[in-house]
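K.L.:
what follows is a predicted protein model with its sequence.
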Amino acid sequence: MRRKDAELRSRKSGRAQGAHERIRSVVRLIPEGRVVTYGQVAEIAGGVTPRMVGYAMASLRPSSGVPWHRVVNASGEISLPSGAGAEEQRAMLESEGIVFDEKGRIDLEKFRWSGPGASSS
DNA sequence: CTTTTGACGCGTA
DNA sequence: CTACGCGCCAAAA
């Protein structure tokens, strides 16, 4: 059976509390000094598409307590438009030890978080 | 109830 | 490297 069936079922069963809520929980699991791509979050949360992740972040409140700054796009770059806190995000990441190259990209091979099940390093 | 919108990802040219 | 389009689905107005 395809995962979709299970996911679809949860969605139909009313199990879907709110895609955001689930996404928020996932993002909150991201350890310091690590980053995850939207697609990664979507994969971990399950049943959500990358769009949903981005949309959830956009809808997040500044004080939601979610380390949204650890979420970057598949290219390892910050997505936020200037003014939305992009510079702030980069500052926080660098503060956590994340390194950006001249193009403002992160080495996902080194800083990507493998998920809640995978141990650091 | 309907319509708009949106922090993405990926294939293809 | 750039540019374009499609898919994906929920929340907000």
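P.N.:
Cool, the structure landed.
K.L.:
now do the contacts for the closest residue to residue A:32 other than its chain neighbours.
P.N.:
Setting aside the residues directly before and after it, residue A:32 is nearest to residue A:96 in space (C-beta to C-beta, 6 or more residues apart in numbering), at 5.0 Å. Using the backbone N, CA and C atoms, a C-beta is placed for each residue, glycine as well. If you count contacts by C-beta atoms under 8 Å, 6 or more residues apart in numbering, residue A:96 has them with A:32-33, A:70.
K.L.:
now do the buried residues in the helix or strand containing residue A:89.
P.N.:
Per DSSP states H and E: residue A:89 is located in helix A:86-96. Within helix A:86-96, the residues that count as buried by 16 or more other C-beta atoms under 10 Å are A:86, A:89-90, A:92-93, A:96.
K.L.:
what of stretch A:96-106?
P.N.:
In stretch A:96-106, counting by 16+ other C-beta under 10 Å, buried: A:96, A:98, A:106.
K.L.:
which one of the residues you listed is nearest DNA strand C?
P.N.:
Of all the buried residues of stretch A:96-106, residue A:106 has the smallest distance to DNA strand C: 13.3 Å, by C-beta to the nearest atom of the strand.
K.L.:
now that closest one. Nearest residue, chain neighbours left out?
P.N.:
Per C-beta to C-beta, 6+ apart, closest to residue A:106 is residue A:76, 4.1 Å.
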